[in-house]
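**Student:** Everything below, folded, please.
(4 chains)
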2 protein chains.
Amino acid sequence: MARTGSSGRSAGVDPEVLWSQAERPRRGRPPAHSRAEITAEAVALADTEGLAAVTMRAVAARIGAGTMSLYSYVPNKETLLELMIDQVSGDHRLPPEPSGDWRADLRGIAREQRAIMRRHPWLPAALPARQTFGPNTLAVVEYTLAVLAPVGLDAPARLETFSLLTGFVASHVTYELAQEQATEAAGRTSGELLDAQTRHLRAATATGGYPHLAQALAAPAADPASHTDPEAVFDRLLGRMINGLTAAP
Amino acid sequence: MARTGSSGRSAGVDPEVLWSQAERPRRGRPPAHSRAEITAEAVALADTEGLAAVTMRAVAARIGAGTMSLYSYVPNKETLLELMIDQVSGDHRLPPEPSGDWRADLRGIAREQRAIMRRHPWLPAALPARQTFGPNTLAVVEYTLAVLAPVGLDAPARLETFSLLTGFVASHVTYELAQEQATEAAGRTSGELLDAQTRHLRAATATGGYPHLAQALAAPAADPASHTDPEAVFDRLLGRMINGLTAAP
DNA sequence: GCTATTCTCGTACAACGTACTGGAAATAGC
DNA sequence: GCTATTTCCAGTACGTTGTACGAGAATAGC
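**Tutor:** Prediction:
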């Protein structure tokens, strides 16, 4: 892992150079691959094997190229990650114009984000490392700002609203996936043996040190139906979130 | 980086083994260091040099030990990270009992979280990787659940509220730090040359493709005073957040 | 063909996490 | 103090990572 920035944030690559199309030179040997193809392959790898499996060697092998060939398309791995994030952001299906019902539009954005993050479970963890905004991300930001225009927020507040909405979705999806994984692990062993994490939690609460936590783990949902459907849970929280973020000061 | 879990989530270490005290054996040579000391040193390193600088070699050098000596205290690096997260969670100053004003108590929790994250800027990025809850984290969870007891939420909703509150604070602090870094970089060059990211954004908007974004970047805050004070911004958003998360279904 | 330009990729290296292992060190019982 | 026992310490070594370098291969314009 040589050459990872030694101080807080690494320098990275000039975003202007990164995202401007680097017009195809008309001379010399034509490239056998493309940035988009490499990025797509890296995304597929992350989807199936996890973010840790995305190594330069593995990605190169997947497209049938030598490891170092990647560096003709991407200056370094950090940049590849930024490209991955922006590429999946391109999956957003955005209406050309806000509908006029800004609450509904915000819901729509968040639902899209959630769908994308569920399709690419590595995304929530990768987002905090993002240094720049690619064109696809900017398109979502732009649309969100357009939606927020009629809301009584000033410009900086509108900008941050996007960030907070994304953060909320990421938090929730992370929680959702962890939850599903836990119950799946529990079910796999016929509901008898829970997974290590849950077992640990039960053990911790069994000491009596965390009464409220113990109660929360023991208590079934008051209204099971409303908790069974993940979409319903998300939508309900999302609605409150939108109310909170867009309330008048 | 040999032996990082190949699939999505790595197996990690049994949390029970991790967090139970591992009673000190009474015979033989006493250890020269402690898990807490090592963790503290790793935290200090991350604070000053960034999370990437936390290598087993660097941490060992800091306490004046051989690299491999660390493995007497910590089974692997991933675990060290969990310990770091839980150790800084111990900085929370929690009242012994909820005050009765649960909104104020939630504010207090979030403010503490924000202060800790600002003191340890690597924390927001490290949180998504957390696999288990250590005792200090559990104490915060427990207190939060106690605070939420009088609120009309059922048990699972209370549990997730903690997660969402933490996620909100992490998102906001990440945003705050990025913002400060950008303005600081801009100021360093006497307000003339902006940093690469900002320059990139301006360039992107200059093409006319993102009118709302361009406007947002150009427009000064409607009420500058309310944006100058980061605490005020945080408190205002936090208030809305709390309203949203704890609203009746 | 020639040449300039560009992509390709084998080799190489530093840095990482960590398995292994022999020896050093401290205590417990005498 | 001596010895046996238990434990910790750290050098060496291996596999894997990101990536610098440079020689070769393939193309476009002349």
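**Student:** which is the next helix or strand following the lowest-mean-pLDDT helix or strand in chain A?
**Tutor:** Lowest mean confidence among the helices and strands of chain A (mean pLDDT, DSSP states H and E): helix A:224-228, at a mean of 61. Remark: after helix A:224-228, the chain's next helix or strand is helix A:230-245, criterion DSSP states H and E.
**Student:** what's in contact with that following helix?
**Tutor:** A:103, A:106-107, A:110-111, A:114, A:161, A:164-165, A:168, A:172, A:176, A:226-227, B:160, B:164, B:237, B:240-245, B:247, B:249 (C-beta atoms under 8 Å, 6 or more residues apart in numbering or on different chains). For glycine as for every other residue, the C-beta is placed from the backbone atoms N, C-alpha and C.
**Student:** and if we set it to 7 Å?
**Tutor:** With contact meaning C-beta atoms under 7 Å, 6 or more residues apart in numbering or on different chains, helix A:230-245 is reached by A:103, A:106-107, A:110, A:114, A:161, A:164-165, A:168, A:172, A:176, A:226-227, B:240-241, B:243-245, B:247, B:249.
**Student:** So how do I select the buried members of those in PyMOL?
**Tutor:** A single PyMOL command selects the buried members of these (16 or more other C-beta atoms under 10 Å in any protein chain shown):
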select buried, (chain A and resi 106+107+110+114+161+164+165+168+172+176+227) or (chain B and resi 240+241+244+245+247)
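**Student:** What residue spans form the domains of chain A?
**Tutor:** Domain assignment for chain A by automatic domain parsing gives A:32-89, A:102-245.
**Student:** out of everything not next to it in sequence, what's closest to A:Gly208?
**Tutor:** If you skip the residues right next to it in sequence, A:Gly208 has A:Ala214 as its closest partner in space, 7.7 Å away by C-beta to C-beta, 6 or more residues apart in numbering or on different chains.
**Student:** Buried ones in the strand or helix carrying that neighbour, by neighbour count?
**Tutor:** Using DSSP H and E, A:Ala214 sits within helix A:211-218. Across helix A:211-218, burial judged by 16+ other C-beta under 10 Å covers A:His212, A:Leu213, A:Ala214, A:Ala216, A:Leu217.
**Student:** Next, count neighbours for A:Ser20.
**Tutor:** For A:Ser20, the neighbour count with other C-beta atoms under 10 Å in any protein chain shown is 13.
**Student:** What separation do you get for it and A:Ala129?
**Tutor:** 22 Å (C-beta to C-beta, to the nearest Å).
**Student:** Closest one of the buried residues of helix A:211-218 to A:Gln197?
**Tutor:** A:Leu217 (11.8 Å; C-beta to C-beta).
**Student:** Next up, the contacts around that closest one.
**Tutor:** Applying C-beta under 7 Å, 6+ apart to A:Leu217 gives the contacts A:Leu201, A:Arg202, A:Thr205.
**Student:** what element comes up after the helix or strand hosting A:Val147 heading to the C-terminus?
**Tutor:** Using DSSP H and E, A:Val147 maps to helix A:135-148. Scanning forward in sequence from helix A:135-148 by DSSP H and E, the next helix or strand is helix A:155-188.
**Student:** how about the residues of chain A near DNA strand C?
**Tutor:** Residues of chain A lying near DNA strand C by C-beta under 7 Å from any atom of the strand: A:1-2, A:25, A:27-33, A:65-69, A:71-73.
**Student:** where's A:Gly167 relative to B:Val169, distance?
**Tutor:** 9 Å.
**Student:** ignore the last one, A:Phe168
**Tutor:** According to C-beta to C-beta, A:Phe168 and B:Val169 sit 12 Å apart.
**Student:** Could you do A:Thr228 as well?
**Tutor:** For A:Thr228, the distance to B:Val169 - C-beta to C-beta - is 29 Å.
**Student:** and what of A:Arg107?
**Tutor:** A:Arg107 is 23 Å from B:Val169, where distance means C-beta to C-beta.
**Student:** what about chain A, any weak spots by pLDDT?
**Tutor:** For chain A, residues meeting the criterion pLDDT under 70 lie at A:1-11, A:21-25, A:186-195, A:220-227, A:248-249.
**Student:** So A:Pro150 sits against A:Arg103, correct?
**Tutor:** No: A:Pro150 sits out of contact with A:Arg103 when judged by C-beta atoms under 7 Å, with a separation of 10.7 Å.
**Student:** which residues sit in contact with A:Arg118?
**Tutor:** A:Val173.
**Student:** tell me which element it falls in.
**Tutor:** helix A:102-119.
**Student:** Return the angle between stretch directions for that helix and helix A:230-245.
**Tutor:** Angle, helix A:102-119 to helix A:230-245, by axes from the mean of the first three to the mean of the last three C-alpha atoms, to 10 degrees: 130 degrees.
**Student:** And helix A:102-119, how far out from the chain middle?
**Tutor:** 12 Å (C-alpha atoms, centre = their mean, to the nearest Å).
**Student:** what helices or strands is whichever helix or strand comes after that helix leaning on?
**Tutor:** From helix A:102-119 onward toward the C-terminus, using DSSP H and E, the following helix or strand is helix A:123-126. Applying 3 or more C-beta pairs under 7 Å, 6 or more residues apart in numbering or on different chains; DSSP states H and E, one finds that helix A:123-126 contacts helix A:77-89, helix A:102-119, helix A:155-188.
**Student:** Endpoints of stretch A:130-138, how far apart?
**Tutor:** In stretch A:130-138, first residue to last residue: 13 Å (C-alpha to C-alpha, to the nearest Å).
**Student:** Neighbour count for A:Gly167 and B:Val169, which is higher?
**Tutor:** Neighbours per residue (other C-beta under 10 Å) separate A:Gly167 from B:Val169, with B:Val169 holding more: 27 against 24.
**Student:** what separates the more buried one from DNA strand D, distance-wise?
**Tutor:** Counting by C-beta to the nearest atom of the strand, to the nearest Å, the gap from B:Val169 to DNA strand D is 31 Å.
**Student:** so how far is A:Arg119 from that residue?
**Tutor:** B:Val169 sits 27 Å away from A:Arg119, going by C-beta to C-beta.
**Student:** In three-state terms, label A:Asp91 for me.
**Tutor:** coil (DSSP: H, G, I helix; E, B strand; the rest coil).
**Student:** tell me the contacts of it?
**Tutor:** A:Ile116.
**Student:** With A:Ala42 instead?
**Tutor:** Taking C-beta under 7 Å, 6+ apart, we find A:Ala42 in contact with A:Val54, A:Val59, A:Leu80, A:Met84.
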